[in-house]
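K.L.:
Sequence unavailable; structure follows:
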């Protein structure tokens, strides 16, 4: 019996989306210390009530690292610091992150890869397991269609999450919605019979 928190990340070098889902495994719940999540000043949504299946949206929003006028190395340092703070505040059990997508341009994918490297290193430094998913898989898991539009993903998340989160999801920036979808993909993977078998018996 445990409470598992999954922190989903939509990486970028200017804006990084994040979304934290909590799922109760068994009947027991753990108490939270009520510490304020004070790092973010805007574009943040928190929903406290759990829905059916014990799933709730804990926190979601974006980390704004600066525009292109800010040196890339400075933005990556900001990401390192702010992601580490996010981990301390949300205390996730594991991290799920979207893989780089080459559909727009190789240059954009390389930039996203640099941000992903920061997140991967910091998560591992914190002792967390990291799970990576292709964008098409995330869309397919949430909507059933691997080429779904962002609006369709957000709409379906509003239906999948508890009723109290429906309005909240509509308020989120697209980067945050994408991050919630990544977290949901990991949640669905955890729920699969194959995943349960692997946890019990190990791979292979």
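P.N.:
Nice, thanks for sending it over. The model shown is predicted, which means the values in this text are computed figures rather than measured ones.
K.L.:
Residue 96: what secondary structure?
P.N.:
Secondary structure state of residue 96, per DSSP: H, G, I helix; E, B strand; the rest coil, is strand.
K.L.:
so what's it scoring on pLDDT?
P.N.:
Predicted confidence (pLDDT) for residue 96: 98.
K.L.:
What ranges does the chain have for its strands?
P.N.:
2-10, 15-25, 44-45, 55-64, 94-98, 129-133 (DSSP state E).
K.L.:
Find the least confident helix or strand in this protein, judged by mean pLDDT.
P.N.:
strand 44-45 (a mean of 42; mean pLDDT, DSSP states H and E).
K.L.:
which stretches of this structure form helices?
P.N.:
Ranges of helices in the chain, per DSSP state H, are 72-90, 106-125, 135-143, 150-160, 166-171, 174-191, 193-201.
K.L.:
Could you tell me the angle between the second one and helix 72-90?
P.N.:
For helix 106-125 against helix 72-90, the angle by axes from the mean of the first three to the mean of the last three CA atoms, to 10 degrees is 40 degrees.
K.L.:
Now for the spatially most central residue of the chain: which residues touch it?
P.N.:
Geometric centre of the chain, nearest residue: residue 8, 1.2 Å, by CA atoms, centre = their mean. Residue 8 makes contact with 18-21, 95-97, 179-186, according to CB atoms under 8 Å, 6 or more residues apart in numbering. Bear in mind the C-beta positions are built from the backbone N, C-alpha and C, glycine included.
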